[in-house]
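Q: Okay, structure incoming, though there's no sequence with it:
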């Protein structure tokens, strides 16, 4: 696996051992980030890479001009790979690793009134807490949802793009409060 584009384009990424993570293919990451670029959603963004795995999505955002990325992950092997990738690519100052649950992190940051501009959601396939997870996303954030099926977003959200890549569905949206027009 590699960084697709940006300042770090072509650099290799370490992936965790085992089958607990499912890395996003280069093709899907490239399409995803090209769409985000067209929405001016990357440059200077504060990014949350939830269910980070190796950190490929957040690292791609940093490579393309994001200001900072927070990586949330529970798996021990994935956390080790993520930390190694940040260190090898000299991104430790721009990346914060948070061992723990993505939903708990989002709920905590809402209470603390911290904000993310871009939220990358790529949980394990079969994830079934979408309603709670999406409800915790900060209003105004651009959101990328990667799943094995189409995920229903709140009615108030603006969906910019939804596309299937083989067995993967990617949705790009902007989070809005209920009753608010995006």
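A: That came through fine. Just so we're clear, the structure is a prediction, and the values are computed from it rather than from any experiment.
Q: List the buried residues of stretch 151-166.
A: Of all the residues in stretch 151-166, those buried under the rule 16 or more other Cβ atoms under 10 Å are 151, 153, 157, 160. Backbone N, C-alpha and C define where each C-beta goes, glycine included.
Q: Spatially, what comes nearest to residue 107 if we skip its sequence neighbours?
A: In space, and not counting its chain neighbours, residue 107 is closest to residue 136: 5.1 Å by Cβ to Cβ, 6 or more residues apart in numbering.
Q: Quick check: the gap between residue 28 and residue 60.
A: Using Cβ to Cβ, to the nearest Å, residue 28 is found at 11 Å from residue 60.
Q: Please identify which of those two sits among more neighbours.
A: A count of neighbours by other Cβ atoms under 10 Å puts residue 60 above the other of residue 28 and residue 60, at 30 against 18.
Q: so who does that one touch?
A: Residues counted as contacts of residue 60 (Cβ atoms under 8 Å, 6 or more residues apart in numbering) are 3-6, 29, 33.
Q: Could you identify which of these has the most neighbours?
A: In terms of neighbour count, residue 4 stands highest of these at 25 neighbours, by other Cβ under 10 Å.
Q: Name the SS class of that one, please.
A: At residue 4 the chain is in coil, as set by DSSP: H, G, I helix; E, B strand; the rest coil.
Q: picking up where we left off before, next, format the buried residues of stretch 151-166 as a markdown table and append distance to residue 74 and pLDDT.
A: Output for these, formatted as a markdown table (distance: Cβ to Cβ, whole Å; pLDDT from 0 to 100):
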| residue | distance to residue 74 | pLDDT |
| --- | --- | --- |
| 151 | 20 | 94 |
| 153 | 24 | 95 |
| 157 | 26 | 96 |
| 160 | 29 | 96 |
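Q: Mind checking which of these land in strands?
A: Taking DSSP state E as the definition of strands, the buried residues of stretch 151-166 contribute residue 160.
Q: Let's have the buried residues of stretch 151-166 in CSV, adding distance to residue 88.
A: Putting the buried residues of stretch 151-166 into CSV (distance: Cβ to Cβ, whole Å) gives the following:
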residue, distance to residue 88
151, 33
153, 35
157, 36
160, 33
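Q: Out of the buried residues of stretch 151-166, the closest to residue 40 would be?
A: Of all the buried residues of stretch 151-166, residue 160 has the smallest distance to residue 40: 11.7 Å, by Cβ to Cβ.
Q: need the contact list for the closest one.
A: Neighbouring residues of residue 160 by Cβ under 8 Å, 6+ apart: 35, 39, 172-174.
Q: give me that answer again for 6 Å
A: Counting by Cβ atoms under 6 Å, 6 or more residues apart in numbering, residue 160 touches residue 172.
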